[in-house]
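Student: fold the following and give me the result.
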Amino acid sequence: MVEELVGVAVAVGAGALVYLASAARIVKQYERGVVFRLGRLHGDVRRPGFNLVIPAVDRMRKVNLQIVTMPVPAQEGITRDNVTVRVDAVVYFKVVDPSAAIVNVEDYRFAVSQMAQTSLRSIIGKSELDDLLSNREKLNQGLELMIDSPAVEWGVTIDRVEIKDVSLPDTMKRSMARQAEADRERRARLINADAEYQASKKLSQAAQQMADTPSALQLRLLQTVMAVAAEKNSTLVLPIPVELLRFLERGAQPPAKSAGHTETADPTETTASAEGHPEIAGHAETEDPAENAESAVDRTEQAEQALEELRRAVEQ
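Tutor: Purely as a prediction, here's the structure:
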């Protein structure tokens, strides 16, 4: 009798252990459990930890609440300005309502993926090429709203959407490179022209200042000579003022030209002018070719003295 009771107790204990093992469910910290009893949603969502269900009656499905990173395959489309592009993106989303993610949609991951692809193609058709290349923040926000609107009913919220890459045809890349090069060249020419304009204004002001003070030009000439001499060159280029050359040219003119002109003059015209203007006649009588020659010789001597002094200054 005692043996029979012990056998029954052992059988009951074993059955209890088997029942407990089949009814026990462990839910992890980042998961939530949804229980279906005889096919119907039962009770609230099970929290992380140890949970019990009725074997053969209840069925638990676990839902991951972590953020899911889903790449969107590259989608090819035509932009609003008729440019063929290929764009891919990435979607970050997570489940906020486990019951809706299980009951309202068959596979929420596949549903989000398909919605992301169709929304990306729609964004490509509504945008221009410049927006896809430079204004991605606005496009990311629009794409996020397009995907998040139907995903709310699935118990899913879209955390963020990012456009990863925009692939352009080779012909378009070459055209954009030529455009960028032309724009850089245009800006370089504008900067160069502006610099020339400012330099011309400064040079004009400097010329006016030197015209008011002629000694400034001489000082500038001496500074230039010192700068050239400081380089330890074997050849020294010394500029000669234009006024000195003009002085030498005037001194080298032959004095006989005025005398010959006086001899070939018409006596009648000379007499008539002298009768009408006595002062001119007196002036004509005082002109002497010898005096003109002497003055020319004096100017030549002065020019030679100036050149000699200039040569001495250079040697010193």
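
Student: for the rest of this, base every contact and every neighbour count on C-alpha atoms.
Tutor: Will do.

Student: can you map out the strands along the stretch 101-250 of the chain?
Tutor: For the stretch 101-250 of the chain, applying DSSP state E, counting those that start in this stretch gives strands covering 156-167.

Student: where does pLDDT dip in it?
Tutor: Low-confidence segments of the stretch 101-250 of the chain, defined by pLDDT under 70, are located at 217, 228-250.

Student: those helices in it, which residues are they?
Tutor: Assigned by DSSP state H, counting those that start in this stretch, the stretch 101-250 of the chain shows helices spanning 108-126, 129-134, 136-151, 170-212, 214-229, 242-252.

Student: reformat the ones you listed as JSON lines; add distance to residue 50 and mean neighbour count.
Tutor: Shown next, in JSON lines, are these (distance: least, C-alpha to C-alpha, whole Å; neighbours: other C-alpha atoms under 10 Å):
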{"stretch": "helix 108-126", "distance to residue 50": "26", "mean neighbour count": "18"}
{"stretch": "helix 129-134", "distance to residue 50": "50", "mean neighbour count": "14"}
{"stretch": "helix 136-151", "distance to residue 50": "31", "mean neighbour count": "18"}
{"stretch": "helix 170-212", "distance to residue 50": "59", "mean neighbour count": "12"}
{"stretch": "helix 214-229", "distance to residue 50": "93", "mean neighbour count": "13"}
{"stretch": "helix 242-252", "distance to residue 50": "108", "mean neighbour count": "13"}
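
Student: can you list those in CSV and add distance to residue 99?
Tutor: Shown next, in CSV, are the helices of the stretch 101-250 of the chain (distance: least, C-alpha to C-alpha, whole Å):
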stretch, distance to residue 99
helix 108-126, 12
helix 129-134, 37
helix 136-151, 14
helix 170-212, 49
helix 214-229, 89
helix 242-252, 101
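
Student: among those helices, which comes closest to residue 16?
Tutor: helix 108-126 (37.9 Å; C-alpha to C-alpha).

Student: how big is the angle separating the closest one from helix 136-151?
Tutor: 140 degrees (axes from the mean of the first three to the mean of the last three C-alpha atoms, to 10 degrees).

Student: change the start of the numbering to 13 and stick with it
Tutor: In the new numbering, first residue 13, that becomes helix 120-138.

Student: can you name every helix or strand that helix 120-138 contacts?
Tutor: Counting contacts by 3 or more C-alpha pairs under 8 Å, 6 or more residues apart in numbering; DSSP states H and E, helix 120-138 is packed against strand 80-90, strand 96-107, helix 148-163.

Student: which one of the helices of the stretch 113-262 of the chain lies nearest to residue 44?
Tutor: When the helices of the stretch 113-262 of the chain are compared (using C-alpha to C-alpha), the closest one is helix 120-138, at 15.5 Å.

Student: centre of the chain to the closest one, how far?
Tutor: Put simply, helix 120-138 sits 33 Å off its chain's centre (C-alpha atoms, centre = their mean, to the nearest Å).

Student: between strand 168-179 and it, find me the angle.
Tutor: Using the same axes, to 10 degrees: helix 120-138 against strand 168-179 is 50 degrees.

Student: out of the helices of the stretch 113-262 of the chain, which gets nearest to residue 67?
Tutor: helix 120-138 (27.3 Å).

Student: which outside residues touch the closest one?
Tutor: Applying C-alpha atoms under 8 Å, 6 or more residues apart in numbering, the contact partners of helix 120-138 are 82, 84-85, 87-92, 99, 103, 113-114, 117, 144, 151, 154-155, 158-159, 163, 166, 168.

Student: and the nearest residue to residue 109 once chain neighbours are set aside, how many neighbours?
Tutor: Leaving aside its sequence neighbours, residue 109 sits nearest to residue 167 (C-alpha to C-alpha, 6 or more residues apart in numbering; 4.4 Å). If you count neighbours by other C-alpha atoms under 10 Å, residue 167 ends up with 20.

Student: ok, residue 167 touching residue 108?
Tutor: Yes - counting by C-alpha atoms under 8 Å, residue 167 touches residue 108, with 5.6 Å between them.

Student: surely residue 116 meets residue 165?
Tutor: Yes - under the criterion of C-alpha under 8 Å, residue 116 makes contact with residue 165 at 7.3 Å.

Student: what average pLDDT does the strand or helix carrying residue 44 get?
Tutor: Per DSSP states H and E: residue 44 is located in strand 43-49. Across strand 43-49, the average pLDDT comes to 92.

Student: measure how far it is from the centre of its chain, please.
Tutor: Remark: strand 43-49 is offset 55 Å from the chain centroid, using C-alpha atoms, centre = their mean.

Student: what lines up beside that strand in the sheet?
Tutor: Its sheet considered, strand 43-49 pairs with strand 52-58 (antiparallel), strand 70-76 (antiparallel) by DSSP bridges.

Student: go through these and find the least confident stretch.
Tutor: Looking at those, the bottom one is strand 52-58 with a mean of 88.

Student: buried stuff in that one?
Tutor: If you call a residue buried by 16 or more other C-alpha atoms under 10 Å, then strand 52-58 has these buried ones: 53, 57, 58.
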